[in-house]
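# Next one to model:
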Amino acid sequence: MVKCVSILGSTGSIGRQSLDIISRMDVKVAALTAGTSVELMAQQCRQFLPELAVMASEEAANALSEQIHDLPIRVSWGQEGLIQAAVIDSADCVITAVVGMVGLKPTLAAIRAGKRIGLANKETLVCAGELVMAEAEKYGTEIIPVDSEHSAIYQCLMGVKDPKEIKRLILTCSGGPFFALEKEQLKTVTKADALKHPNWKMGAKITIDCATLMNKGLEVIEAMRLYRLPVEQVDVVIHRQSIVHSMVELVDGAVMAQMGAPDMRLPIQLALTYPERTVCPVDPLDLCKCGALTFCEPDTEKFPCLALARRCAKMGGTACAVMNGANEEAVALFLDDKIGFYDIYDLVSRAVEEVPHVEEPTLEDILEADRLARACVRDHIRA
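Purely as a prediction, here's the structure:
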């Protein structure tokens, strides 16, 4: 069990739930980081008294400093501040709950500092999975997934002694808010429609990704990196109830499933307590009340982002970084009411086709691919 944590992204959904879990445990907080939510960060600082608090901008950091000037907390900002929070000496675990590529460098820094990683930042493994896993192996760093699906697989694999016993990983997917709509109807859905996830309360970006099924595509890539399997051994099934969080099929035909109420606090807590388990404030699953559990194949014609993600996974190199960067940019445009729902896929697929591909990228190549992908999306919007 960890003793002290840094939380990158403490004011977001995962960050807030992490602090809820920590408040019930004998765990200290070394550092907290946030974007621009100064008021909430000030409240968190007063409750948890971290050594370091980091904001995205200098302006937000100055505003925070004014609000907590009476506390013995150092305030920093920007990417450098995130890295400081990731490597702070007193923390033995870093929960990476920031959204987007901004989490890549701090996660690598934390790995090299020997911290346990509670990984909730998909983009780290999507864009630079081979580099990240190689660094984790080099430094002997534990990476414990916090995403419900990958935590489920992690738990299902606890009794698997040999990776050769794995036939495939099966990621479950709620299908998002538009599962029952026809393709023609999807052309006119709004931001407000897309933000109504049926089962989970999450941040805006990941909720839109769930609506397009890009989130599941990102998770497919993350799973193949985290568990060192080819993309052909990672499947997706639609499971509307979000009770079975994911499954592992073994070569003898046995299927291991992890089940529970749709509450992120359980996988967060496991990342902090592993290999131990302790009582969690999550309501227990009542099998007699959860209703019928259904499964079906995803419709990749209606939701093409999932198929695009699988294609990029097969391409390798910088393809996933390009896809991810373009998707972040396109989703931001959708949330700003500047493009339509299917424009997200169109812009991302164009970027994948147009941005030069690097087969064996360095970290610099990956960061450049991300930059070019974002620029490609913006160029097409201006055209």
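# Specify the residue ranges that define each domain of the protein.
Following automatic domain parsing, one gets these domains for the chain: 4-145, 316-383.
# Throw those domains into a markdown table and include distance to Leu171, thanks.
Heads up, the C-betas are built off the backbone N, CA and C, glycines and all. Formatted as a markdown table, the domains of the chain follow (distance: least, C-beta to C-beta, whole Å):
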| stretch | distance to Leu171 |
| --- | --- |
| domain 4-145 | 12 |
| domain 316-383 | 16 |
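# Would you tell me which of these gets closest to Glu184?
Taking C-beta to C-beta, domain 316-383 is the member of the domains of the chain nearest to Glu184, at 10.6 Å.
# averaged over its residues, what pLDDT does the closest one have?
The average pLDDT within domain 316-383 is 96.
# Same question for stretch 119-127.
Mean per-residue pLDDT for stretch 119-127: 91.
# do stretch 64-81 as well
Summarised as a single mean, pLDDT over stretch 64-81 is 97.
# ends of that stretch, how far apart?
14 Å (C-alpha to C-alpha, to the nearest Å).
# who's in contact with that stretch?
The contact list for stretch 64-81, computed with C-beta atoms under 8 Å, 6 or more residues apart in numbering, reads 33, 38-39, 41-42, 45-46, 49-58, 60-61, 84-85, 102, 105-106.
# Pull the number of nearby residues for the residue lying closest to Asn121 once chain neighbours are set aside.
Distance criterion C-beta to C-beta, 6 or more residues apart in numbering; nearest residue to Asn121, sequence neighbours excluded, is Gly103 at 3.7 Å. Gly103: 24 surrounding residues under other C-beta atoms under 10 Å.
# same check, this time on Arg371
Arg371: 14 neighbours (other C-beta under 10 Å).
# Could you check how far it is from Glu364?
Counting by C-beta to C-beta, to the nearest Å, the gap from Arg371 to Glu364 is 11 Å.
# repeat for Pro304
Computed as C-beta to C-beta, the Pro304 to Glu364 distance reads 31 Å.
# what about the two, which has more around it?
Comparing Pro304 with Glu364 by other C-beta under 10 Å, the one with more neighbours is Pro304, at 22 against 9.
# secondary structure class for the closest residue to that one other than its chain neighbours?
Ranked by C-beta to C-beta, 6+ apart and with sequence neighbours excluded, the top spatial neighbour of Pro304 is Tyr345, at 5.1 Å. Assigned state for Tyr345: helix (three-state reduction, DSSP: H, G, I helix; E, B strand; the rest coil).
# What is the neighbour count of Tyr345?
Considering only other C-beta under 10 Å, Tyr345 is surrounded by 20 other residues.
# Run through the residues that contact it.
Counted by C-beta under 8 Å, 6+ apart, Tyr345 has contacts 212, 304-305, 308.
# that older thread, overlap in contacts, Arg371 and Glu364.
Residues touching both Arg371 and Glu364 by C-beta under 8 Å, 6+ apart: none at all.
# follow-up on the earlier one: just the buried residues from the contacts of Tyr345, in PyMOL please.
Applying 16 or more other C-beta atoms under 10 Å to the contacts of Tyr345, the buried members can be selected in PyMOL as follows:
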select buried, resi 212+304+305+308
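# Just the ones of the contacts of Tyr345 in helices?
212, 304-305, 308 (DSSP state H).
# Check which helices and strands the strand or helix carrying Gly325 sits against.
Gly325 belongs to helix 319-335 when elements are defined using DSSP states H and E. Using 3 or more C-beta pairs under 8 Å, 6 or more residues apart in numbering; DSSP states H and E, the elements in contact with helix 319-335 are helix 122-139, helix 191-194, helix 204-212, helix 214-226, helix 304-315, helix 341-354, helix 363-382.
# Buried deepest among those, which one?
helix 214-226 (a mean of 26; mean count of other C-beta atoms under 10 Å).
# And that helix, what does it pack against?
Applying 3+ C-beta pairs under 8 Å, 6+ apart, one finds that helix 214-226 contacts helix 122-139, strand 143-145, helix 148-156, strand 166-173, helix 204-212, strand 234-238, helix 304-315, helix 319-335.
# And Arg371, how far from Leu335?
With the distance defined as C-beta to C-beta, Arg371 ends up 21 Å from Leu335.
# Please apply the same query to Gly81.
On the measure of C-beta to C-beta, Gly81 and Leu335 end up 25 Å apart.
# So between the two, which is more surrounded?
Neighbours per residue (other C-beta under 10 Å) separate Gly81 from Leu335, with Gly81 holding more: 22 against 16.
# Ramachandran angles for the more buried one?
phi -60, psi -40 (degrees, to the nearest 10).
# Next: Gly35.
Here is the backbone geometry of Gly35 (degrees, to the nearest 10): phi -90, psi -90.
# Count the neighbours of it for me.
Neighbourhood size, Gly35 [other C-beta under 10 Å]: 16.
# again with Gly291
Using other C-beta under 10 Å, Gly291 is surrounded by 9 other residues.
# now swap in the one 3 residues further on and tell me
Counted by other C-beta under 10 Å, the residues lying close to Thr294 total 10.
# With adjacent residues omitted, what lies nearest to it?
In space, and not counting its chain neighbours, Thr294 is closest to Arg240: 6.1 Å by C-beta to C-beta, 6+ apart.
# wait, what's in contact with that neighbour?
174-175, 179, 198, 294.
# how near is the residue nearest to Met55 when sequence neighbours are not counted to Leu104?
Sequence neighbours aside, Ala61 is the residue nearest to Met55 in space, at 4.3 Å (criterion: C-beta to C-beta, 6+ apart). Taking C-beta to C-beta as the measure, Ala61 falls 21 Å from Leu104.
# now do Arg24
For Arg24, the distance to Leu104 (C-beta to C-beta) stands at 31 Å.
# now swap in Val220 and tell me
Going from Val220 to Leu104 by C-beta to C-beta gives 19 Å.
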